[in-house]
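Asker: Okay, structure incoming, though there's no sequence with it:
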């Protein structure tokens with residue numbers, strides 16, 4: 001059994017994908033969640049942020065029209081995560097905003113409520129993106145809302 005199955009059921013992953021879809025309803029931003037059971041061997045020497053950047057790139061998140069992709073990247077075996085926003089978002093949203101969401105998510109993780117914490121974090125990310133990057137008339141969903149599992 002994969003480690004991800006210990007923390008997230010198939011229904012949980014569907015609920016997280018649904019939260020991504022809902023988070024994007026009012027914004028031109030793109031929200032993704034990627035969950036790894038453990039760090040890939042070839043990335044062992046990299047920092048968590050570097051691994052998240054590699055995943056960001058693998059998912060094509062830097063290719064959005066206005067550079068408004070944001071990734072919640074989780075490595076379960078390390079019980080660590082990274083919120084990584086593209087340059088369009090970082091030009092308008094302070095890092096402290098994402099740090100507050102990270103603190104909230106950490107509390108959910110400490111309580112063992114991983115799925116609920118991820119859904120809440122995604123909701124908050126969507127709310128912030130909607131304030132700074134409202135949905136445009138010609139907006140399209142540029143990235144999948146499905147949870148990427150590694």
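Answerer: That came through fine. None of the values given here were measured: they were computed from a predicted structure. Residues are numbered from 1 along each chain as shown.
Asker: correct me, but residue 80 touches residue 48?
Answerer: Yes - counting by C-beta atoms under 8 Å, residue 80 touches residue 48, with 5.5 Å between them. Every residue, glycine included, has its C-beta placed from N, CA and C.
Asker: For residue 141, grab phi and psi.
Answerer: When read as degrees, to the nearest 10, the backbone of residue 141 gives phi -80, psi 110.
Asker: and it, what does it touch?
Answerer: Residue 141 makes contact with 24, 30 under the criterion C-beta atoms under 8 Å, 6 or more residues apart in numbering.
Asker: what mean pLDDT does the helix or strand harbouring residue 130 have?
Answerer: Using DSSP states H and E, the element containing residue 130 is helix 114-132. Mean pLDDT, computed over helix 114-132, is 97.
Asker: so after that helix, what's the next helix or strand?
Answerer: Note on helix 114-132: by DSSP H and E, the next helix or strand toward the C-terminus is strand 148-149.
Asker: so what secondary structure elements neighbour that following strand?
Answerer: Packing contacts for strand 148-149, counted by 3 or more C-beta pairs under 8 Å, 6 or more residues apart in numbering; DSSP states H and E, involve strand 30-36.
Asker: need the contact list for residue 49.
Answerer: Residue 49 is in contact with 82, 84, counting by C-beta under 8 Å, 6+ apart.
Asker: what about it, distance to residue 36?
Answerer: To residue 36, residue 49 is 14 Å away according to C-beta to C-beta, to the nearest Å.
Asker: Repeat that for residue 99.
Answerer: 22 Å.
Asker: Please identify which of these two sits among more neighbours.
Answerer: Higher neighbour count among residue 99 and residue 36: residue 36, with 21 against 11, using other C-beta atoms under 10 Å.
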